[in-house]
Each structure stands twice: as C-alpha cells, then as structure tokens.
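Peer 1: From the sequence below, what's the structure:
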Amino acid sequence: MPISGEDIAALSRPLAEERDAFHRFLSILREEHDALIAGHIDPLLKLAQQKTDQFVALGRLSAIRNQVLATQGLPPDMEGIDGWLARHGSTPEGGNIARIWRELLETAATARRINQENGALIEVKLHHNQKALQILQAAADQMRVYGPSGQPLASTGGRKLGEA
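Peer 2: Below is the predicted model of the structure:
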C-alpha cells in the first residue's frame, strides 16, 4: 500500500521534534550530573525546573505521536511505531522515520541511565548531609548549658567552669 506524503509528514515532524526534545532533556541531565559530581548545589534548582519543563514537552510530543498513529489505525505506543515501520519502513521515507525512531530510543535510554545515576548521586549526598546533621545535633546537645526555660542545666559530670 503506497504511503502519502501527508502520512510521512504527519509522523516525521512530531517524531523529529520528540527526538530533539529528548536531546535537550539529555543535555539538562548531563549538566545536572556535572553539577552533582562537582558539588555545585546552586544550579540544581534551576536545572530541576528545566527538567520538569522538558518532561512536560516530551509528554505533549508523545501524545501527538500517539494521536498520529491512532489516526492511521495503529496502536498509540511503541507497537504502533513498529507496525508503521513494518508497513512503510522499506521505503526511503520510512527508512528516515526508522532512523529518527532509533535515535529517539537511544537518546531516551541514555537519558534514563543518566537520570538514574543522578538519583543515586543525590541519594548519596543526602545520606552524607543527614549524617553530618546528626553529628552537629549531637554536639549541640552536649554543649547545651541552659534548658529551653532559660534555667541552667544540671551538671552532667563534666568539669566545672574555672577548674583545670
């Protein structure tokens, strides 16, 4: 069955936009990874917002792709793309869409891996920060001279001030 230029354009444009959006998402994840490795906390809030914005854009583009597949009588998911490629992948236009789809999948897999690494880095840093906070709180409790009411605390057996 011949494929129309309209069908090609309807799928190739949103698919290329989705691939490009995944490249932007990957770039943000790499920047976040570099900041985490270097211990630069300041850019993380901005990067988190950029990640969220890009994730929303990816969802919108995925919905457009799925809608195009559905209008062509295909399931709105990976199975739909596979079905489209089975029908039209051997044509030059279909080969171009197959290339874009492979790039999208590869970029998405890389983004998933880096996002998991970033999550692990954040988890490690959070654990270290919690330990440091516990140590500081324990030290502060030992140093307490006055209670919450402002009254001196009873001696805990340490040396009295002024004694050698």
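Peer 1: quick one, strands of this protein?
Peer 2: Taking DSSP state E, the chain contains no strands at all.
Peer 1: Helices along that one, start to end?
Peer 2: 5-38, 42-71, 78-88, 92-143 (DSSP state H).
Peer 1: Can I get those in a markdown table including mean neighbour count?
Peer 2: Where you see a C-beta, it was placed from the backbone N, CA and C, and this is true even at glycine. A markdown table is the format used below for the helices of the chain (neighbours: other Cβ atoms under 10 Å):
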| stretch | mean neighbour count |
| --- | --- |
| helix 5-38 | 17 |
| helix 42-71 | 15 |
| helix 78-88 | 16 |
| helix 92-143 | 13 |
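Peer 1: In contact with the nearest residue to Glu93 once chain neighbours are set aside: list those residues for me.
Peer 2: Excluding the flanking residues, the one nearest Glu93 by Cβ to Cβ, 6 or more residues apart in numbering is Ile8, at 4.5 Å. For Ile8, the contact set (Cβ atoms under 8 Å, 6 or more residues apart in numbering) comprises 88, 93-94, 97.
Peer 1: wait, which of the residues you listed is closest to Leu126?
Peer 2: Minimum distance to Leu126 across the contacts of Ile8 is 42.3 Å, recorded for Ile97 (Cβ to Cβ).
Peer 1: Save the contacts of Ile8 as TSV, and put in pLDDT and distance to Ser12 too.
Peer 2: TSV is the format used below for these (pLDDT from 0 to 100; distance: Cβ to Cβ, whole Å):
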residue	pLDDT	distance to Ser12
His88	83	11
Glu93	82	8
Gly94	86	10
Ile97	92	5
